[in-house]
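S.K.: Provided below for reference: sequence and predicted model.
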Amino acid sequence: MTFDRERPEPGVFRICFVCTGNICRSPMAEVVFRALIRARGWEKYVSVQSAGTGEWHVGESSDPRTTAALRARGYSGVGHRARQFDVSWFENLDLVIAFDRTHERILKSWAPDEDARAKVHLLLSFDPDAGGALDVPDPYYSDTAMFDGVLAMIERSCAALFRQLEPGIRQGVTS
């Protein structure tokens, strides 16, 4: 699935998770959120993608520690290929989820207008149990335990985000 205008899908809610290189945090969130959608049978109503603000890892698989952390929790991160966020996607996205304030700043600076800027939110802002934390730490330069901890944060925050979106999605499903 792409966000190209040539393939509009009425009634589909489109989310893109954006981190730095699209090999650690955002692929984790993409996999976790897709699992939530799949558990409800709503794959045709919600499009979930991920990307990075930078181009360093474009075309690469997820970091092996990302894949291992996902696998340990029963998810599959196989098949992911990193890509860079494209400003043209704003028009077709409903929600752009950033993992830290740097991503949020970058994405908002790339946004072509106020409507696009309003689509950008921090993942932890949806989690009432985040304790005021705003940033999901980047595990790239850390160890396996950090990847596991980051995945746990992402699972909690994605579940909280899903709970907030679920009434609207459910309404779209039954309309």
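M.R.: Structure's in. What do you need?
S.K.: now do the buried residues in the helix ranked longest in the chain.
M.R.: In terms of residue count, the longest helix belonging to the chain (DSSP state H) is helix 144-174. By 16 or more other CB atoms under 10 Å, the buried positions in helix 144-174 come out as 146-147, 149-151, 153-158, 160-162, 165, 169. Heads up, the C-betas are built off the backbone N, CA and C, glycines and all.
S.K.: what do you get for stretch 100-119?
M.R.: In terms of neighbour count (16+ other CB under 10 Å), stretch 100-119 has its buried residues at Asp100, His103, Glu104, Ile106, Leu107, Lys108, Trp110, Ala111, Ala116, Arg117, Lys119.
S.K.: ditto for stretch 70-84
M.R.: Residues of stretch 70-84 classed as buried: Leu70, Tyr75, Gly77, His80, Ala82, Arg83 (neighbour count, 16+ other CB under 10 Å).
S.K.: lowest-confidence entry in those?
M.R.: Taking pLDDT as the measure, the buried residues of stretch 70-84 have their low point at Gly77 (86).
S.K.: all helices of this protein, in order?
M.R.: Under DSSP H, the chain gives helices at 25-40, 64-72, 101-110, 114-117, 144-174.
S.K.: out of those, flag the one nearest His57.
M.R.: For those, proximity to His57 was assessed by CB to CB; helix 25-40 is nearest, at 10.3 Å.
S.K.: in PDB, list the C-alpha atoms belonging to that closest one.
M.R.: Taking C-alpha atoms only, helix 25-40 is exported to PDB below (Å, rounded to 0.1, in the frame of the first residue of the first chain):
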ATOM      1  CA  ARG A  25      11.100   2.400  16.700                       C
ATOM      2  CA  SER A  26       8.800   3.100  13.800                       C
ATOM      3  CA  PRO A  27       8.900  -0.500  12.400                       C
ATOM      4  CA  MET A  28       8.100  -1.700  15.900                       C
ATOM      5  CA  ALA A  29       5.100   0.500  16.100                       C
ATOM      6  CA  GLU A  30       3.900  -0.400  12.600                       C
ATOM      7  CA  VAL A  31       4.000  -4.100  13.500                       C
ATOM      8  CA  VAL A  32       2.300  -3.600  16.900                       C
ATOM      9  CA  PHE A  33      -0.400  -1.300  15.500                       C
ATOM     10  CA  ARG A  34      -1.100  -3.700  12.500                       C
ATOM     11  CA  ALA A  35      -1.500  -6.500  15.000                       C
ATOM     12  CA  LEU A  36      -4.100  -4.500  16.900                       C
ATOM     13  CA  ILE A  37      -6.000  -3.700  13.600                       C
ATOM     14  CA  ARG A  38      -5.700  -7.400  12.500                       C
ATOM     15  CA  ALA A  39      -7.100  -8.600  15.800                       C
ATOM     16  CA  ARG A  40     -10.300  -6.600  15.100                       C
END
